[in-house]
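[1] the sequence and its predicted three-dimensional model are supplied below.
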Amino acid sequence: PPARAAVAALVPGRQEEWIAHAARQGCLIFADVGWDDSGRWDPADLAGLEHCEAFLPNAAEAMRYTRTDCPRAAAHALADKVPLAVVTLGAEGAYAVDGRTGETAEVPAIAVRALDPTGAGDVFMAGFLTGTLARWPLADRLAFAGLTAALSVQEFGGSLSAPGWAEVAAWWQHMRSYAGTPGDSAAAQDPTALRRYDFLDRLVPTAPRPWPLRRAVPTIGFRRG
């Protein structure tokens, strides 16, 4: 169906014809790729990138596909294949290159106590996609994607852990009002890194909300057979 944007998973050895069709209809495609169990890491498997707006692999995947030994070098190499190359760096944050303009951006990760990484990559993708559709500056998009992913790993589950605007707003208000309480989650943050998120002032609701917010908790039921 018609859409402003879509997320595609590139699969080695398989062409997804819907990607080219959607791109011709004006849909922006944001692509990811899984681990290549074959060990080939054939750049030809990334042929679908010619139809994509952005490609967001992790550092290990990016370096293997580009035959580089540095994730930032890998991002620049990928920017020759796709307009926006974003390489996630784990605890170091993320690095992005705009292949159209040559602009680069690097944003450090937010310090969090991770409980469950399930779905964090998908949340990062959604955050970056949101910022792209909203035409935010590249560094803001990268920061927002990293923040939403960081908030998601503090909860259990996949989709249930994905933060909404209420969680983003509550986190930011808490960071801004931090009073130096020992053990507070804000104490672990680099003040310089936090200033990177000043753009949230114009985006999030201003009504105060407690942090952390209470979230739905996934449950699994077992029945004896």
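    In hand now; what should we look at? Numbers count the residues shown, from 1 in each chain.

[2] what about L49, how many neighbours?
    Using other Cβ atoms under 10 Å, L49 has 24 other residues around it. In this view, the C-beta of every residue, glycine as well, is placed from N, C-alpha and C.

[3] neighbours around G127, how many?
    By other Cβ under 10 Å, 25 other residues sit near G127.

[4] how is the protein carved up into domains?
    1-109, 110-215 (the TED database).

[5] lowest-confidence stretch among the ones you listed?
    Ranked by mean pLDDT, the domains of the chain end with domain 110-215 in last place, scoring a mean of 85.

[6] do a quick rundown of the helices in this protein.
    Ranges of helices within the chain are 17-24, 59-66, 71-78, 120-133, 138-152, 165-176, 191-195, based on DSSP state H.

[7] of all these, which lies closest to S159?
    Nearest of these to S159, taken as Cβ to Cβ: helix 120-133 at 8.5 Å.

[8] what's the closest one packed up against?
    The elements that helix 120-133 packs onto, with contact taken as 3 or more Cβ pairs under 8 Å, 6 or more residues apart in numbering; DSSP states H and E, are strand 5-10, strand 28-33, strand 54-55, strand 84-88, helix 138-152.

[9] give me every residue that touches the residue nearest in space to the middle of the chain.
    The residue lying closest to the centre of the chain (Cα atoms, centre = their mean) is F124, at 2.0 Å. When contacts are counted by Cβ atoms under 8 Å, 6 or more residues apart in numbering, F124 touches L56, T88, A94, A145, G146, T148, A149.

[10] please apply the same query to A193.
    Neighbour list for A193: V107, P108, I110 [criterion: Cβ under 8 Å, 6+ apart].

[11] nearest to G34, of the helices of the chain?
    Taking these one by one with Cβ to Cβ, helix 59-66 is closest: 8.2 Å.

[12] give me the angle between that closest one and strand 28-33.
    Helix 59-66 runs at 100 degrees relative to strand 28-33, counting by axes from the mean of the first three to the mean of the last three Cα atoms, to 10 degrees.
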